[in-house]
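In: Take this sequence and fold it.
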Amino acid sequence: MPKLFPTFQEFMDLRDGTKVGVTRVTMKSTSDYVIIPNAYDATGLQITGTNAANFYLNPNKNNVQIDSATAGDEFIILSVHKGQVNYGDET
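Out: The predicted structure is shown next:
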């Protein structure tokens, strides 16, 4: 399960303190993950590929797991965050 590095990532601050993240990744294998710290919820949008991938947050809510995809498939992950984003350890 390789760690993915985003090809694009942007966070937007909403007035109530919530942050919305947009992260684009390209799969390296059929089951990868990308670190997205302090995510409250996340979902994925498939850009390329034909397999319907599964997206879920790990129990620590610091990364999104993508399963049942194909190497080379591209996805946009939409995430919702409470509090600060991208600080501290990525584990």
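In: So for stretch 62-72, first residue to last residue, what's the gap.
Out: Length of stretch 62-72, first residue to last, CA to CA, to the nearest Å: 23 Å.
In: Just the buried positions in it, please.
Out: 62, 63, 64, 65, 66, 69 (16 or more other CB atoms under 10 Å). Placement of C-beta: from N, CA and C, glycine included.
In: For the last one, what is the enclosing helix or strand?
Out: Same thing as residue 69. If you go by DSSP states H and E, residue 69 is not part of any helix or strand.
In: Residue 26 bridge partners, please.
Out: residue 74 (DSSP bridges).
In: if I read this right, it contacts residue 4, doesn't it?
Out: Yes: between residue 26 and residue 4 there is a contact at 7.3 Å, judged by CB atoms under 8 Å.
In: intersection of neighbour lists for the two?
Out: Shared contacts of residue 26 and residue 4, defined by CB atoms under 8 Å, 6 or more residues apart in numbering, are absent.
In: more crowded one of those two?
Out: Per other CB atoms under 10 Å, whichever of residue 26 and residue 4 has more neighbours is residue 4, with 22 against 16.
In: now the residue nearest to residue 65 when sequence neighbours are not counted: how far from residue 58?
Out: Spatial nearest neighbour of residue 65, chain neighbours left out: residue 33 (4.8 Å); criterion: CB to CB, 6 or more residues apart in numbering. Here the criterion is CB to CB, to the nearest Å. By it, residue 33 lies 7 Å from residue 58.
In: shared neighbours of these two, anything?
Out: In contact with both residue 33 and residue 58: 64, 65, using CB under 8 Å, 6+ apart.
In: okay, the two: which has more neighbours?
Out: Applying other CB under 10 Å to residue 33 and residue 58 shows that residue 33 carries more neighbours, namely 18 against 13.
In: and that one, bridged to which residues?
Out: Going by DSSP bridges, residue 33 forms beta bridges with residue 3, residue 65.
In: Isn't it up against residue 5?
Out: No: contact criterion CB under 8 Å: residue 33 and residue 5 do not qualify, at 11.1 Å.
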